[in-house]
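[1] the following block contains a protein sequence and its predicted model.
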Amino acid sequence: MFLIWALSVFAALSVIWDLCSRRSPANGFPKVPGDWPLVGHSLFYFGGFGGPSFHRSLFEKYPKAQAVNVRVFGDDVVFILGYDSVKWALSKTGSVLNNLFYERVEELFGRTSFIVTRDVALHKRLKGLGMQAISKDVLHSSFPKINCTARFMIATLATGHPVRINECAKRYTHLGIVQFFFGHRDNDVSMMQAHFGNFITYANGLPDLFLPIWMKGPFAKALNAKAAIITTILGIIEDRRECNDIGFDGLAKMLAATNPEGEVLSDLEIAENVVLLVFGGTDTTAAALSSSVHFYRYVMDPADRIALDEEIQNSNESIDILSLPLLDSFAKELLRMRPPVTDTARFVCKKDATLLQQSLPEGSRVFIGMAQLGYDPAEFPNPDNFMLRRFLDQDKTSKYFPFGSGMRQCPGMILGRLELKVFLYQLIRNFRVDATNIRSVEGHRPFSYIDPCVRIFARG
């Protein structure tokens, strides 16, 4: 009885505090009505209306607004919606907008990782040197292994029984990224592949923001998993140096990277950023792969599916598959309709700013929505229709940001595109995908995806 009374008093005081603490927005953007006490619009954002639906509902309700004011877990947040405002916000990360990662997320990602650091000069050095690893020559050299991996992984699903795609997609994307960075030596690949479970544990630790370390919850386990992965990468680096066998792969490129100032990456900086690239690339690309199979089997017009099949069957199996017109247009249309990353992390204005003649005072919280941009009917007529040839005549990929933009643009986007296209190519060329009467499953957090249930058969 006492517990019920105490909870009731706490809830009443929380509601009163919440109502009294609300302020009118200090900017000229509209305020979205209907927020609940304390949680605000959080239930809509994280719940059944979350993901792309939440972004699009705001975009359609306020078509002329470049941003709106919402409340997420007690925070007054400026939710960036329109193309011009999104482009402005992405270009201002670092100079005007600082990311607001939770302390534990920063610890897991690593404070010397390019995604966490707020130091613009350090970020420029880390990303500039790290991007030298993700080059076309390394992509070309790793293509045969990634191509074989895709075919092998899909073959494990070709049983004729109903199967879902996402778990297999994660294993494929994880191994593909590992082959890209460590492919020079098979033993290095095996050692990193053995950490697949640790990467899952690492990812599972991100939502744990509260449990004390001594309780050995997901966050504590994630720290141990990351430490094990870092130790392995540092050991690989040391062994390559001792054997004078640096080789040629993504890791070798990072070790040799230098900039005009003569700066290089430390071994720990390399290890932390490789962990982040493997983690981020695994789940985001796997989400896109799962969605791609759903759209291919359940959404595409049958005539378009036949046309895509014919293009792939009549092509030569080489790196040139990346430039197949219909396959390329399919990938772009997929990322328009179902981008794995629907918004950015939270940001805060570190100084007064002006967004399209509206004031954003210092301290303003900002979310940058991106999923809604692909549904702008002014740029993409019939946005609810999956149109295979939409990007053949006019490439409008600059009108949406599936890989972000500016300072926080995804550094692994060309590798992600390669893995997506290679998986689709192998699936369509060497296998047949049949529908089932089992519904696809949707997910929104941490990445947006549709996981279909299909039957896969080997061709001929």
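    Nice, thanks for sending it over. Numbering: from 1, shown residues only.
[2] quick check: next helix or strand after the helix or strand hosting V293?
    Assigned by DSSP states H and E, V293 belongs to helix 267-294. Using DSSP H and E, the helix or strand that follows helix 267-294 towards the C-terminus is helix 302-313.
[3] so where do the helices sit in the stretch 1-150 of the chain?
    Using DSSP state H, counting those that start in this stretch, the helices of the stretch 1-150 of the chain run over 2-21, 42-46, 52-61, 83-92, 103-109, 120-130, 136-155.
[4] any idea how far the helix holding V293 is from the chain center?
    8 Å (CA atoms, centre = their mean, to the nearest Å).
[5] equivalent analysis for stretch 281-298, please.
    12 Å.
[6] how about stretch 338-348?
    Worked out by CA atoms, centre = their mean, stretch 338-348 lies 8 Å from the chain centre.
[7] same question, stretch 308-318
    Using CA atoms, centre = their mean, the offset of stretch 308-318 from its chain centre is 28 Å.
[8] who's in contact with it?
    147, 296, 300, 321, 324-327, 330, 388, 425, 428-429 (CB atoms under 8 Å, 6 or more residues apart in numbering). All C-beta spots, glycine's among them, are computed from the backbone N, C-alpha and C.
[9] do you have the strands of the protein handy? List them.
    67-72, 75-80, 97-99, 163-164, 347-349, 353-355, 358-360, 365-368, 431-435, 441-443, 449-451, 453-458 (DSSP state E).
[10] neighbouring strands for the last one, and are they parallel or not?
    In other words, strand 453-458. strand 163-164 (antiparallel), strand 431-435 (antiparallel) (DSSP bridges).
[11] same question for that strand, mean pLDDT?
    The predicted model assigns strand 453-458 a mean pLDDT of 97.
[12] residues contacting it, please?
    With CB under 8 Å, 6+ apart as the criterion, strand 453-458 contacts 154-155, 157-165, 293, 297, 427, 430-436, 438-441.
[13] tell me the buried residues within these.
    Neighbour-count burial (16 or more other CB atoms under 10 Å) applied to the contacts of strand 453-458 gives 154, 157-158, 163-165, 293, 297, 427, 430-433, 440.
[14] farthest pair within those?
    N430 and S440 (22.9 Å; CB to CB).
[15] output the lowest mean pLDDT helix or strand found in the chain.
    Scoring the helices and strands of the chain by mean pLDDT, DSSP states H and E places helix 2-21 at the bottom, with a mean of 51.
[16] what segments of the stretch 151-300 of the chain are helices?
    166-182, 186-193, 196-204, 218-242, 250-256, 267-294.
[17] now the ones you listed as CSV including distance to S364?
    Shown next, in CSV, are those (distance: least, CB to CB, whole Å):
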stretch, distance to S364
helix 166-182, 36
helix 186-193, 41
helix 196-204, 30
helix 218-242, 29
helix 250-256, 36
helix 267-294, 27
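[18] residues contacting L175?
    By CB under 8 Å, 6+ apart, the residues touching L175 are T149, M153, V189, Q193.
[19] buried ones among the residues you listed?
    Buried among the contacts of L175 (16+ other CB under 10 Å): T149, M153, V189.
[20] contacting residues for the second one?
    Taking CB under 8 Å, 6+ apart as the criterion, M153 is in contact with C168, R171, Y172, L175.
[21] could you pull up the residues touching the third one?
    Residues in contact with Y172, defined by CB under 8 Å, 6+ apart, are T149, A150, M153, A286, L289, E419, F423.
[22] in PyMOL, select just the buried ones from those.
    A single PyMOL command is used to select the members of these judged buried by 16+ other CB under 10 Å:
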select buried, resi 149+150+153+286+289+419+423
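[23] can you tell me which of the contacts of Y172 lies nearest to T232?
    T149 (20.0 Å).
[24] quick one: the closest one from F143, how far?
    Distance, T149 to F143, by CB to CB, to the nearest Å: 11 Å.
[25] still on that earlier bit, which one of the contacts of Y172 is nearest V138?
    Closest to V138, out of all of those and judged by CB to CB, is E419, at 13.6 Å.
[26] quick one: contacts for F380?
    R336, G374, R390, K396, K399.
[27] residues near the second one, how many?
    Read it as G374. 25 (other CB atoms under 10 Å).
[28] and the helices in the stretch 301-450 of the chain, which stretches?
    Taking DSSP H, counting those that start in this stretch as the criterion, the stretch 301-450 of the chain carries its helices at 302-313, 325-337, 390-393, 413-430.
[29] dump those helices into TSV; add mean pLDDT and distance to G250 as well.
    Supplementary listing: the helices of the stretch 301-450 of the chain in TSV, determined by pLDDT from 0 to 100; distance: least, CB to CB, whole Å:
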stretch	mean pLDDT	distance to G250
helix 302-313	97	27
helix 325-337	95	22
helix 390-393	87	29
helix 413-430	95	9
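[30] for E106, which of the ones you listed is the nearest?
    So among those, helix 413-430 is nearest, using CB to CB, at 23.2 Å.
[31] got the angle for that closest one vs helix 136-155?
    Using axes from the mean of the first three to the mean of the last three CA atoms, to 10 degrees, one finds that helix 413-430 and helix 136-155 are set 40 degrees apart in direction.
[32] still on that earlier bit, in the helix holding V293, which residues are buried?
    Neighbour-count burial for helix 267-294 [16+ other CB under 10 Å]: 269-294.
[33] just stretch 369-386 next, same as before
    Applying 16+ other CB under 10 Å to stretch 369-386 flags G369, M370, A371, Q372, L373, G374, Y375, D376, E379, F380, P383, F386 as buried.
[34] now do stretch 75-83
    So, applying 16+ other CB under 10 Å, buried residues of stretch 75-83: D76, V77, V78, F79, I80, L81, G82, Y83.
[35] how about stretch 442-455?
    E442, H444, F447, S448, Y449, I450, D451, P452, C453, V454, R455.
[36] span of it from start to end?
    Using CA to CA, to the nearest Å, the end-to-end distance of stretch 442-455 comes out at 18 Å.
[37] where's the closest residue in space to I319 that isn't next to it in sequence relative to G183, distance?
    Excluding the flanking residues, the one nearest I319 by CB to CB, 6 or more residues apart in numbering is F143, at 4.9 Å. To G183, F143 is 10 Å away according to CB to CB.
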